[in-house]
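**Student:** I would like the atomic coordinates for the input below:
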Amino acid sequence: MNDFAHLLDRLAYEPRRNAKLRLLQDYFAHAPDPERGYALAAMTGGLTFREAKPAMIRGLVEARIDPVLFALSHNYVGDLAETTALIWPTPEPAGGAGHGIVGPGHNNPPPHVPTLAEVVETLRTVKKADLPARIAEWLDALDETGRWALLKLITGALRVGVSARLAKTAIGALGGHEADAVEEVWHGLEPPYATLFAWVEGRAERPTTLNPAPFRPPMLSHPIDEDGDFEKLDPAAFSGEWKWDGIRVQLVGGRDAAGVQVARIYSRTGEDISGAFPDLAEAITFEGAIDGELLILREQRVQSFNVLQQRLNRKAVTPKLLEEFPAHVRAYDLMQADGEDLRPLPFMERRARLESFVAALDHARIDLSPLVPFSTWEQLAIARSDPASVGGGADSDAIEGVMLKARDSAYLPGRPKGPWWKWKREPFRVDTVMMYAQRGHGKRSSFYSDYTFGVWREREDGTPELVPVGKAYHGFTDAELAKLDRYVRNNTTKRFGPVREVSYGLDHGLVLEIAFEGVQRSTRHKSGVAMRFPRVARIRWDKPAAEADRIDALETILARGEREIAPGETLTEAQG
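**Tutor:** I've put the predicted structure just below:
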């Protein structure tokens, strides 16, 4: 466990991608099975532990340390795992005080340092009543870094700046395989991935039979720079396409060794979400792989992302949900058909194959994403700002921009720069007032970097009050973060562990201009609404808090529809 912990520690402080890759490769090449397999699962989100709650950890440490001291330390450090790892009392050396060397007269051996595999396998089987004692035993045996890694792992808060893609790249490198080859067998495997390691190291055949409907790494786009990219690009070389406000998915069909049809629905990151969308899975009666956008259609009209959210992240799907929120896929691309890999073909050739494929399928749950006609960038700009004028029609509210795809581009996994571009519509912007600040994680654990903000609303007696509408933790530079952190510390009015309430009111408070993609109803917010994808666009040191926006501005989106407000228009302006 200590070896894995020190790997995580080095990864957390290593900013360079290639250096991280070398660290991972070295670890996977030398760590034994199943240790490295569980390490891989931990870094790719493949491990979950239900019973190891933060409250249990606090109880364990407060039984050994003065609770007041622990609370003060936690407030200063800002991270439960880091605080516990640092403050956990080191047991006396075996045999009592001294140098901790077990000699002839000592009967107590040194504490057993658990392996990562031991931790994972124990947590899968241990009784709930026995778990606290076992965790305390592990914390006694591990060093500070090991304790930190253990607690991050078992509480589900392990974030070390390594993507699942990078970890799979390191695995593939053990045998000279690309990360894409690992991706295509990944979803038929389970931790500790003995079959995967055997294959990449040349000790076994490629495990193709485990997944007859494999996930294929999607091709992603780059945001276009309006000031510099268009002048370098030839509009005749590109095809235009709507960018739908749903979630990217793959519909994959195949047959297993017995000839039985297998249907899979994958998210963009490769998560199998077939169980959450049985109505859509029934449409996968083909052998092939479609890349498209998951949407909700009612009476042939695409619904907003707020409606789609009623179907997302559901473990149980009721007949009522299936009826009221019917799932649909608008197809972008065809990656595979009838055993043929189409990804090397030019986009326009794949598009023609896709049109024929969807027409032959003739299923109400799957249709084509229409192309956007244009011959100049000015024409595409008009389409982007007013989809209804060029064929967006009743679906315009669900369009968040346009895509540019090179007509001769192959389907390349990852994010190659040049073939595909996205040109999203301007985000909404609103001026809010900072209400609370929370310490960040990892490198930001010493800074108040997560900000809850609100807008004004009238009470029943007509007096104004601030109500929270969202939380943002990015959009600012490191220099701006330092200023924001200093502002929070100098204007704190109340403390709640790692959270601080800052001073705010009509005559004082810090205004944050927030950019966001939309608004949705929320029972978790006092305001009744919450923003989608908020980020700090500007810090308005100059603006009085009393001039921040009102809740009516956000209600306008819900009442009139997001796309009825002109792109780039402030919500206050949209209200007239």
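
**Student:** low-confidence stretches in the chain?
**Tutor:** Filtered on pLDDT under 70, the chain yields the residue ranges 50-51, 93-110, 208-210, 391-394, 442, 559-576.

**Student:** okay, domains of it per the record?
**Tutor:** Domain assignment of the chain by automatic domain parsing yields the ranges 2-154, 222-424, 428-574.

**Student:** can you give the distance of the shortest one from its chain's centre?
**Tutor:** The one in question is domain 428-574. 22 Å (CA atoms, centre = their mean, to the nearest Å).

**Student:** make residue 1 into 28 and carry on from there
**Tutor:** In the new count, where the first residue is 28, that last one comes out as domain 455-601.

**Student:** tell me the centre residue of the protein?
**Tutor:** Centroid check for the chain by CA atoms, centre = their mean gives residue 296 as the closest residue, at 8.8 Å.

**Student:** could I get the phi/psi values of that residue?
**Tutor:** Dihedral pair for residue 296: phi -90, psi 0, per degrees, to the nearest 10.

**Student:** enumerate every residue touching the residue lying closest to it once chain neighbours are set aside.
**Tutor:** Excluding the flanking residues, the one nearest residue 296 by CB to CB, 6 or more residues apart in numbering is residue 191, at 7.2 Å. Every residue, glycine included, has its C-beta placed from N, CA and C. Listed by CB atoms under 8 Å, 6 or more residues apart in numbering, the contact set of residue 191 reads 70, 71, 72, 296, 297.

**Student:** residue 512 sits in which helix or strand?
**Tutor:** Assessed by DSSP states H and E, residue 512 sits inside helix 505-517.

**Student:** so what secondary structure elements neighbour that helix?
**Tutor:** Counting contacts by 3 or more CB pairs under 8 Å, 6 or more residues apart in numbering; DSSP states H and E, helix 505-517 packs against strand 455-466, strand 475-485, strand 526-529, strand 562-567.

**Student:** quick one, the second one and strand 562-567 angle?
**Tutor:** For strand 475-485 and strand 562-567, the angle between their directions (axes from the mean of the first three to the mean of the last three CA atoms, to 10 degrees) works out to 80 degrees.

**Student:** what are the buried residues along strand 475-485?
**Tutor:** Neighbour-count burial for strand 475-485 flags 475, 476, 477, 478, 479, 480, 481, 482, 483, 484 (criterion: 16 or more other CB atoms under 10 Å).

**Student:** who does the fourth one bridge with?
**Tutor:** The reference is to residue 478. Residue 478 forms beta bridges with residue 464, residue 499, as assigned by DSSP bridges.

**Student:** quick check: it touching residue 460?
**Tutor:** No - checked against CB atoms under 8 Å, the pair residue 478 and residue 460 is beyond contact range at 10.3 Å.

**Student:** tell me the contacts of residue 401?
**Tutor:** Applying CB under 8 Å, 6+ apart, we find residue 401 in contact with 262, 267, 407, 410.

**Student:** and stretch 550-570, end to end?
**Tutor:** 30 Å (CA to CA, to the nearest Å).

**Student:** and that stretch, which residues are buried?
**Tutor:** Of all the residues in stretch 550-570, those buried under the rule 16+ other CB under 10 Å are 552, 554-559, 561-567, 570.

**Student:** turn the contacts of residue 401 into a markdown table, columns for neighbour count and distance to residue 240.
**Tutor:** A markdown table is the format used below for these (neighbours: other CB atoms under 10 Å; distance: CB to CB, whole Å):
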| residue | neighbour count | distance to residue 240 |
| --- | --- | --- |
| 262 | 16 | 37 |
| 267 | 20 | 31 |
| 407 | 21 | 36 |
| 410 | 22 | 35 |
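
**Student:** filter the residues you listed down to the ones in helices?
**Tutor:** Cross-referencing those against helices under DSSP state H gives 407, 410.

**Student:** just the closest of the contacts of residue 401 to residue 377, please.
**Tutor:** Of all the contacts of residue 401, residue 377 sits closest to residue 267, with 15.8 Å by CB to CB.

**Student:** in the stretch 328-477 of the chain, what residue spans correspond to strands?
**Tutor:** Under the criterion DSSP state E, counting those that start in this stretch, the stretch 328-477 of the chain contains strands at 328-329, 354-364, 367-368, 393-395, 398-399, 426-433, 447-451, 455-466, 475-485.

**Student:** what helices or strands is the fifth one leaning on?
**Tutor:** For strand 398-399, the elements it packs on are strand 265-271, judged by 3+ CB pairs under 8 Å, 6+ apart.

**Student:** just the angle between the strand it packs on and strand 354-364, please?
**Tutor:** Between strand 265-271 and strand 354-364, the angle comes out at 140 degrees (the same axes, to 10 degrees).

**Student:** contact partners of strand 265-271?
**Tutor:** Contacts of strand 265-271 (CB under 8 Å, 6+ apart): 320, 322, 329, 357, 359, 374-375, 378, 396-401, 407, 410, 414, 419, 425-434, 448-451.

**Student:** partners of that strand, with directions?
**Tutor:** Take DSSP bridges as the rule and strand 265-271 pairs in its sheet with strand 398-399 (antiparallel), strand 426-433 (antiparallel).

**Student:** redo the ones you listed as a markdown table? Include distance to residue 97 and mean neighbour count.
**Tutor:** Formatted as a markdown table, the strands paired with strand 265-271 follow (distance: least, CB to CB, whole Å; neighbours: other CB atoms under 10 Å):
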| stretch | distance to residue 97 | mean neighbour count |
| --- | --- | --- |
| strand 398-399 | 59 | 19 |
| strand 426-433 | 46 | 22 |
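
**Student:** for residue 102, find the nearest of the ones you listed.
**Tutor:** That would be strand 426-433 among the strands paired with strand 265-271, by CB to CB, at 40.5 Å.

**Student:** any idea how far that closest one is from the chain center?
**Tutor:** Taking CA atoms, centre = their mean, the mean C-alpha location of strand 426-433 is offset from the chain mean by 22 Å.

**Student:** go on, stretch 303-310?
**Tutor:** 23 Å.

**Student:** helix or strand: which one has residue 583?
**Tutor:** Element membership for residue 583 (DSSP H and E) is helix 578-587.

**Student:** so which elements touch that helix?
**Tutor:** Helices and strands touching helix 578-587, by 3+ CB pairs under 8 Å, 6+ apart, are strand 455-466, strand 475-485, strand 491-499, strand 545-548, strand 556-559, helix 598-601.

**Student:** dump the longest one to PDB, keeping only the CA atoms.
**Tutor:** What it means is strand 455-466. In PDB, the C-alpha atoms belonging to strand 455-466 read as follows (Å, rounded to 0.1, in the frame of the first residue of the first chain):
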ATOM      1  CA  PHE A 455     -25.300  33.300 -20.600                       C
ATOM      2  CA  ARG A 456     -23.700  35.700 -18.100                       C
ATOM      3  CA  VAL A 457     -25.000  37.100 -14.800                       C
ATOM      4  CA  ASP A 458     -23.600  39.200 -12.000                       C
ATOM      5  CA  THR A 459     -23.700  37.400  -8.600                       C
ATOM      6  CA  VAL A 460     -22.400  38.000  -5.100                       C
ATOM      7  CA  MET A 461     -20.000  35.700  -3.300                       C
ATOM      8  CA  MET A 462     -21.700  34.100  -0.200                       C
ATOM      9  CA  TYR A 463     -19.500  31.200   0.800                       C
ATOM     10  CA  ALA A 464     -16.000  29.900   0.100                       C
ATOM     11  CA  GLN A 465     -14.600  26.400   0.600                       C
ATOM     12  CA  ARG A 466     -11.100  25.100   0.500                       C
END
